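Colleague: Make a model of this:
(2 chains)
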Amino acid sequence: KQEVTQIPAALSVPEGENLVLNCSFTDSAIYNLQWFRQDPGKGLTSLLLIQSSQREQTSGRLNASLDKSSGRSTLYIAASQPGDSATYLCAVIGYGGSQGNLIFGKGTKLSVKP
Amino acid sequence: NAGVTQTPKFRILKIGQSMTLQCTQDMNHNYMYWYRQDPGMGLKLIYYSVGAGITDKGEVPNGYNVSRSTTEDFPLRLELAAPSQTSVYFCASSSDSDYGYTFGSGTRLTVV
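Modeller: Residues are numbered from 1 along each chain as shown, chains lettered A, B, ... in the order given. Presented below is the predicted three-dimensional model:
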């Protein structure tokens, strides 16, 4: 059974710092991996989608990498801003089981202090 | 683009009442899903659908029912509401090309 773990569970940094959020998964047979952002009381906003054949994706100050063989992904946020404060969720889609079912980690709660 | 639209945003139910959570998407996605999110527990799949007329159970289907009469709509029905169904419910859809997910803004349900 696929399990997704995110470390750390919470992170507090000063504004302007570069930071890395980690995601690991137990079954390397994944179709893709998706990073989301969730603000308190809000829905999930997709940040980056990495297909299994890709190594990384970039969007603005965000860069996500994928190493399938080691079961790891990282989300790099450059020059963090207070507006980046949110919970970041990593999710993978595996083969088989519930069609296209995303398996989520529990998230990393990020706080960026002004 | 509207994306995935959920209604209502908030609802309070009494034990034993029933209700339907509405979900509509305008991206012509074949795949649609219902998740619930409990504090500290992550998101769990309730039901999913791979196209109109086809639905299947996810990880936590008990106490819920779904239907998919059109590509756009995927309502979730709660029968005989119980306090254990207090949660935030998210509807999502994905294309069958890259499985990238789009989520609705959620329905916060409290059963008292």
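
Colleague: Tell me the pLDDT of B:Asp98.
Modeller: According to the prediction, B:Asp98 has pLDDT 76.

Colleague: For chain A, what lies in contact range of chain B?
Modeller: Counting by C-beta under 8 Å from any C-beta of the partner chain, chain A comes close to chain B at A:31-32, A:34, A:36, A:41-46, A:49, A:51, A:89, A:91, A:93, A:98-102, A:104-107. C-beta coordinates here come from the backbone N, C-alpha and C atoms, glycine included.

Colleague: So how do I select the buried members of those residues in ChimeraX?
Modeller: Buried subset of the residues of chain A next to chain B, written as a ChimeraX selection, criterion 16 or more other C-beta atoms under 10 Å in any protein chain shown:
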select /A:32,34,36,43,44,46,49,89,91,93,98,99,100,101,102,104,105,106,107
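
Colleague: other SSEs contacting the lengthiest strand in chain B?
Modeller: Counting residues, the longest strand found in chain B (DSSP state E) is strand B:42-51. Helices and strands touching strand B:42-51, by 3 or more C-beta pairs under 8 Å, 6 or more residues apart in numbering or on different chains; DSSP states H and E, are strand A:102-104, strand B:31-38, strand B:54-57, strand B:64-66.

Colleague: What parts of chain B come near chain A?
Modeller: Counting by C-beta under 8 Å from any C-beta, chain B sits next to chain A at B:31, B:33, B:40-43, B:45, B:48, B:50, B:56, B:58-59, B:90, B:92, B:94, B:96, B:98-106, B:108.

Colleague: Now list the buried members of the residues you listed.
Modeller: Buried among those (16+ other C-beta under 10 Å): B:31, B:33, B:42-43, B:45, B:48, B:50, B:58, B:90, B:92, B:94, B:99-106.

Colleague: OK, contacts around the spatially most central residue of chain B?
Modeller: For chain B, the residue sitting closest to the mean C-alpha position, by C-alpha atoms, centre = their mean, is B:Trp34 at 3.1 Å. Applying C-beta atoms under 8 Å, 6 or more residues apart in numbering or on different chains to B:Trp34 gives the contacts B:21, B:23, B:45-48, B:58, B:64, B:66, B:74, B:76, B:89-92.

Colleague: Report how many residues lie close to the residue lying closest to B:Leu80 once chain neighbours are set aside.
Modeller: What sits nearest to B:Leu80 in space, not counting adjacent residues and going by C-beta to C-beta, 6 or more residues apart in numbering or on different chains, is B:Gly16, at 5.5 Å. B:Gly16 is flanked by 10 other residues according to other C-beta atoms under 10 Å in any protein chain shown.

Colleague: Stretch A:5-16 spans what distance, first to last residue?
Modeller: 26 Å (C-alpha to C-alpha, to the nearest Å).

Colleague: Show me how far that stretch is from its chain's centre.
Modeller: 12 Å (C-alpha atoms, centre = their mean, to the nearest Å).

Colleague: go on, stretch A:101-112?
Modeller: With C-alpha atoms, centre = their mean, you get 6 Å for stretch A:101-112.
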